[in-house]
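In: A structural model of the following input is requested.
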Amino acid sequence: MGDTANEIKLLSGNSHPMLARLVADRLGIEPAKTLSLNYSNRETSVTIGESVRDEDVFILQSTAPGDINDGLMELLIMIHACRTASARRITAVVPNFPYARQDKKDKSRAPISAKLIANMLETAGCNHVITMDLHASQIQGFFSVPVDNLYAEPSVLRFIRENPNLRRDETVIVSPDAGGAKRATSIADGLEMAFALIHKERPRPNVVGRMVLVGDVQGKVAILVDDMADTCGTLAKAAATLKEHGAREVIAIVTHGILSGGAVDTINKSCLSQVVVTNTVPLGDKQERCPKIKVIDVSSTIAESIRRTHNGESVSYLFRNVPV
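Out: Alright, predicted model coming up:
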């Protein structure tokens with residue numbers, strides 16, 4: 001990485017220390033010493049154990065399921081601590097952007113919480129944001145500071161290409177809803193595979209109604225592609241719909257494996273043969289509880305985006321390529 005890597009100050013919150021370790025190893029640096037603890041009344045206290053004056057600071061904090069608000073508050077306090085300690089530039093590296101699903105006013109009196117998060121990050125003192133597979137890419141417009149939205153797509157393409165069971169003429173890429181059609185068609189085009197779409201009707205949030213398949217999956221391996229898997233109700237229902245239409249096998253590939261609530265049980269009971277997620281979100285013991293879960297490591301993409309940002313190089317190379 002050269003001498004410049006020594007000038008990168010990488011701080012990590014408590015939400016995903018394993019990813020921070022992988023990124024630090026890739027950069028060839030040690031994460032900066034920080035101490036974060038909660039007082040008995042649940043207030044968060046952060047101490048940064050080394051000087052960040054005039055340094056290029058990167059704070060890596062993802063969203064751990066069940067702990068999103070604590071993780072967000074810890075990130076804001078760490079940004080503010082670095083700002084008051086005279087850091088030259090502060091970049092928030094948030095692989096899974098919190099509240100990204102609340103990105104528009106879809107009913108009366110609904111909050112646009114993703115915009116609120118953007119305002120909070122900027123007010124705390126954030127100069128730049130690096131994230132991955134935003135739920136809606138227009139969230140970048142909520143910020144007045146630069147936002148680099150990395151894509152897991154190159155890593156997903158490599159995973160599919162390296163899997164000998166997924167032959168081009170026998171595999172179809174499926175979007176589980178109309179909103180994800182652009183993501184799925186991009187992957188299908190990159191692999192020169194067929195594409196299908198499931199139209200779903202939602203009577204209310206987190207509840208899926210009727211599902212209608214558009215496209216042919218008869219006798220093929222269907223790969224469901226989405227940006228996040230939360231309760232996994234959509235994926236399980238989509239997999240059942242694909243099986244009813246004659247799919248030989250159904251695999252799900254999602255960027256953010258949030259897997260909250262009874263998601264693990266839902267996957268185990270479903271007809272999905274594999275659920276492939278990236279390591280943007282900590283999985284805890286979910287892999288032991290569910291042998292169907294496989295993980296793609298995206299730490300190299302995140303580390304390379306940090307290195308390129310620090311050196312003033314173009315990050316757009318990473319939109320189509322996986323770092324070697």
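In: drop to CA atoms for contacts and neighbour counts, all remaining ones
Out: Fine.
In: this protein: helices as residue ranges?
Out: Taking DSSP state H, the helices of the chain run over residues 17-27, 68-84, 113-124, 153-161, 181-191, 233-244, 263-269, 286-289, 299-311.
In: I'd say Met228 and Ala252 touch.
Out: No - using C-alpha atoms under 8 Å as the test, Met228 is too far from Ala252 to be in contact (10.5 Å).
In: which residue of the two possesses the greater neighbour count?
Out: Legend: neighbour count by other C-alpha atoms under 10 Å for Met228 and Ala252, higher for Ala252 (25 against 20).
In: for the protein, what spans make up the strands?
Out: Ranges of strands in the chain, per DSSP state E, are 8-12, 34-38, 44-48, 56-60, 89-94, 128-132, 147-150, 171-175, 194-200, 211-214, 221-229, 249-257, 274-278, 293-296.
In: could I get those as JSON lines with mean pLDDT?
Out: Output for those, formatted as JSON lines (pLDDT from 0 to 100):
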{"stretch": "strand 8-12", "mean pLDDT": "97"}
{"stretch": "strand 34-38", "mean pLDDT": "93"}
{"stretch": "strand 44-48", "mean pLDDT": "95"}
{"stretch": "strand 56-60", "mean pLDDT": "98"}
{"stretch": "strand 89-94", "mean pLDDT": "98"}
{"stretch": "strand 128-132", "mean pLDDT": "98"}
{"stretch": "strand 147-150", "mean pLDDT": "97"}
{"stretch": "strand 171-175", "mean pLDDT": "97"}
{"stretch": "strand 194-200", "mean pLDDT": "92"}
{"stretch": "strand 211-214", "mean pLDDT": "90"}
{"stretch": "strand 221-229", "mean pLDDT": "96"}
{"stretch": "strand 249-257", "mean pLDDT": "97"}
{"stretch": "strand 274-278", "mean pLDDT": "97"}
{"stretch": "strand 293-296", "mean pLDDT": "97"}
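In: deepest-packed of those, please.
Out: When you average the neighbours per residue for each of the strands of the chain (mean count of other C-alpha atoms under 10 Å), strand 171-175 leads with a mean of 28.
In: between helix 233-244 and that strand, find me the angle.
Out: Between strand 171-175 and helix 233-244, the angle comes out at 140 degrees (axes from the mean of the first three to the mean of the last three C-alpha atoms, to 10 degrees).
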